[in-house]
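Trainee: Sequence and predicted structure are below.
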Amino acid sequence: MQTEIKFAGFGGQGILLSAKLLAYAAMKQDFFVAWVPSYGPEMRGGTAYCTVVISDKRIGSPIIKNPSHLVAMNRPSLEKFANDVKPGGVIFINSSLISTRSERDDITELIVPANDIAIKSGSVRAANIVALSAFAAKAKLVDLELLKNCVKEEFAAKAKIIPLNMKAFDEGVNIANNS
Amino acid sequence: MAKVLMKGNEAIGEAAIRAGCKNYFAYPITPQSEVAEYLVKRMPEVDGVFLQGESEVAVGYMIFGAAGCGERVFTTSSSPGISLMGEAISYIAAAQVPAVFVNIVRGGPGLGGILPSQGDYFQATKGGGHGDYRLLVLAPDGVQEAVEMTMKAFTLAEKYRGPVMILGDGLIGQMMEPVEFPDDLRTEPSNKDDWASSGMDTRKSDKRNLVKSLFLDPKELNDNNLALKAKYIQMKKEEVLYEGYNTDVDYKILITSYGTMSRVCKTAIDMMKEEGIEVGLLRPKTLFPFPEEAVFNAATKESCKSVISIEMSMGQMVEDVERCVKGQREINFYGECGGDIPTPEKIIEIIKELL
């Protein structure tokens, strides 16, 4: 069984980090994983996207045309990738920045105002963590406690921002569970 | 040791350290700059040296210098940077000193692009620099294999006293996968008394050694090239590595592919198998020495009607495949080289046209 998740947004939104944390948690659960960034001549504000592949057997092609799920952090990402998602998948929509929807009825939309929740948690920069935890709670790919620990470990060198990221994580889980 | 999640570029840097290499000279270029970014922090922790050259030309000769002194040394670069090192690689081969070069290939020719490519196959396997020399070329298909090949490269470079190249691509450099650094691949630098230059206090011998690549006497030059040739013949006997995938069934079509591209082909093969279509894959892990016999045998299997080489280039390895199959089967080619890696779906479409 293989699952692919595309994270997409603009540079600076922490897209690559969210994806890495998910891959890291899956690795800790003994899955095969690959984290495949789109790299190009981009700068802050440019587009950033990244695919995480999680599998119970060795991963062949890390190049994925149709991911199982999509985490869209801005509108261009939703417009560009919504139609690629396989039927039955989850499309996360950051409604703080995206006013439109996927217009698909064969997927589950998870609509979360990630930026607003992050601001309430202490910093807009934690929007990627809100998105990660909300998506993970909905898609049920990895153990949430383990994922939360990975977030904590990631910020080990910046202890000051751990509490706000933990709060952002919990808020993301809550909103996914109540949606 | 537990697995860690690392980018290919960082993992290659760590692998060199684990292999006992404490000298790294480089000049940054996308898509491999993370190796330098990683080693600038990591080398001092192991009392190693990282020095950024003023250009890849300079880096090539820093490598030559360190290798001539008997030090384990390596560099990483990407296509245009490797071109600039070509002269030094030729000198290193002629002078018979060990060194490891990692090419995280990007699109070319010229400045090309920064996305993954396999356009440097010819450069790596057929020359790059001038003169009668060959590079031992290892082609990993992912981060773990990049680690293992980097670690083994140092022993191979010392065994053959010459340059060894790891031919990766931008995807292998940029992708993160879980990796382990096998302890049994950690080796001690070999006895360098036989070849390192005189005057080094790390040598244990009084024998006079001169590291040079200039042989004005015709016989001396011919003898040196014969010595090189003998090594390449030995490599062909002892170092050929390849992998067969789905080759134990009766396949109608054989794919030849290496590196990142071969992984995409494997997924395509799995998908076609579900439809009842059998396709085999022969993946060279060493590009020189090339698995000549294995390619011939896989291609001429009775069930096999034709061969297709699939590459992220306009057709380079396919020439070696043609050479090895000796006209016994029809040889086809498919390649893309702008930087968009063909998907498994695309490969299936191409294969179905051949059926």
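Mentor: That came in fine, so what should we check first? Numbers count the residues shown, from 1 in each chain, chains lettered A, B, ... in the order given.
Trainee: any weak-confidence spans in the chain?
Mentor: Defaulting to chain A. Chain A contains residues with pLDDT under 70 at A:40-45.
Trainee: Chain B, not that one
Mentor: B:1, B:200-202.
Trainee: residue with max distance from the center of it?
Mentor: Within chain B, the residue lying farthest from the chain centre (Cα atoms, centre = their mean) is residue B:206, at 35.3 Å.
Trainee: for that residue, helix, strand, or coil?
Mentor: coil (DSSP: H, G, I helix; E, B strand; the rest coil).
Trainee: now the one 10 residues further on
Mentor: Here residue B:216 is recorded as coil under three-state DSSP.
Trainee: That one and residue B:224, how far apart?
Mentor: Distance, residue B:216 to residue B:224, by Cβ to Cβ, to the nearest Å: 12 Å. Yep, even glycine has a C-beta here, placed from its N, CA and C like the rest.
Trainee: So if I had to pick from the two, which one is more boxed in?
Mentor: residue B:224 (18 against 6; other Cβ atoms under 10 Å in any protein chain shown).
Trainee: near chain B, which residues of chain A show up?
Mentor: A:20, A:23-24, A:27, A:32-37, A:39-41, A:59-65 (Cβ under 8 Å from any Cβ of the partner chain).
Trainee: Was I right to think residue B:239 contacts residue B:136?
Mentor: Yes: contact criterion Cβ atoms under 8 Å: residue B:239 and residue B:136 qualify, at 6.5 Å.
Trainee: so what sits against both of the two?
Mentor: Common contacts of residue B:239 and residue B:136 (Cβ atoms under 8 Å, 6 or more residues apart in numbering or on different chains): B:156, B:286, B:289.
Trainee: Tell me how many other residues crowd the second one.
Mentor: When counting by other Cβ under 10 Å, one arrives at 22 neighbours for residue B:286.
Trainee: same question, the one 4 residues further on
Mentor: Residues within reach of residue B:290, counting by other Cβ under 10 Å, total 20.
Trainee: Identify the residues contacting the nearest residue to it once chain neighbours are set aside.
Mentor: Distance criterion Cβ to Cβ, 6 or more residues apart in numbering or on different chains; nearest residue to residue B:290, sequence neighbours excluded, is residue B:320 at 5.2 Å. By Cβ under 8 Å, 6+ apart, the residues touching residue B:320 are B:125, B:290, B:295.
Trainee: will you turn those residues into CSV that also has secondary structure and distance to residue B:343?
Mentor: What follows is the contacts of residue B:320, written out as CSV (DSSP: H, G, I helix; E, B strand; the rest coil; distance: Cβ to Cβ, whole Å):
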residue, secondary structure, distance to residue B:343
B:125, helix, 27
B:290, coil, 27
B:295, helix, 25
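Trainee: so whatever residue of the stretch 1-150 of chain B ends up closest to chain A bridges to which residues?
Mentor: Nearest residue of the stretch 1-150 of chain B to chain A (Cβ to the nearest Cβ) works out as residue B:5 at 5.3 Å. Beta-bridge pairing of residue B:5 under DSSP bridges involves residue B:178.
Trainee: distance between the ends of stretch A:60-72?
Mentor: By Cα to Cα, to the nearest Å, the extent of stretch A:60-72 from end to end equals 25 Å.
Trainee: gap between that stretch and the chain center?
Mentor: On the basis of Cα atoms, centre = their mean, to the nearest Å, stretch A:60-72 sits 12 Å off its chain's mean C-alpha point.
Trainee: which residue ranges form the strands in the chain?
Mentor: Just so you know, I chose chain A. For chain A, the strands defined by DSSP state E occupy A:2-10, A:32-37, A:47-55, A:69-72, A:90-94, A:108-112.
Trainee: my question was about chain B
Mentor: B:4-7, B:23-26, B:49-52, B:74-77, B:99-105, B:136-138, B:163-169, B:176-179, B:242-245, B:253-256, B:279-284, B:286-288, B:306-311, B:330-335.
Trainee: Residue B:35 is nearest to which of those strands?
Mentor: strand B:74-77 (4.3 Å; Cβ to Cβ).
Trainee: other SSEs contacting that closest one?
Mentor: Strand B:74-77 makes packing contacts with helix B:8-18, strand B:23-26, helix B:56-68, strand B:99-105, helix B:143-160 when contacts are defined by 3 or more Cβ pairs under 8 Å, 6 or more residues apart in numbering or on different chains; DSSP states H and E.
Trainee: show me what contacts residue 151?
Mentor: I went with chain A, as the question did not name one. Residue A:151 neighbours (Cβ under 8 Å, 6+ apart): A:21, A:129, A:132-133, A:165-166, A:169.
Trainee: think we crossed wires, I meant chain B
Mentor: Counting by Cβ under 8 Å, 6+ apart, residue B:151 touches B:15-16, B:18-19, B:181-182, B:185-186.
Trainee: give me that answer again for 7 Å
Mentor: B:15, B:18-19, B:185 (Cβ atoms under 7 Å, 6 or more residues apart in numbering or on different chains).
Trainee: Indicate which one of the strands of chain B is closest to residue A:154.
Mentor: Nearest of the strands of chain B (Cβ to Cβ): strand B:4-7, 11.3 Å.
Trainee: Could you report the distance from the closest residue in space to residue A:156 that isn't next to it in sequence to chain B?
Mentor: Excluding the flanking residues, the one nearest residue A:156 by Cβ to Cβ, 6+ apart is residue A:162, at 8.0 Å. As judged by Cβ to the nearest Cβ, to the nearest Å, residue A:162 and chain B stand 20 Å apart.
Trainee: so residue A:162 makes contact with residue A:153?
Mentor: No: with contact defined as Cβ atoms under 7 Å, residue A:162 and residue A:153 do not form a contacting pair (9.8 Å).
Trainee: Mind checking which of those two has more residues around it?
Mentor: Taking other Cβ under 10 Å, residue A:162 and residue A:153 do not tie; residue A:162 has more neighbours (15 against 12).
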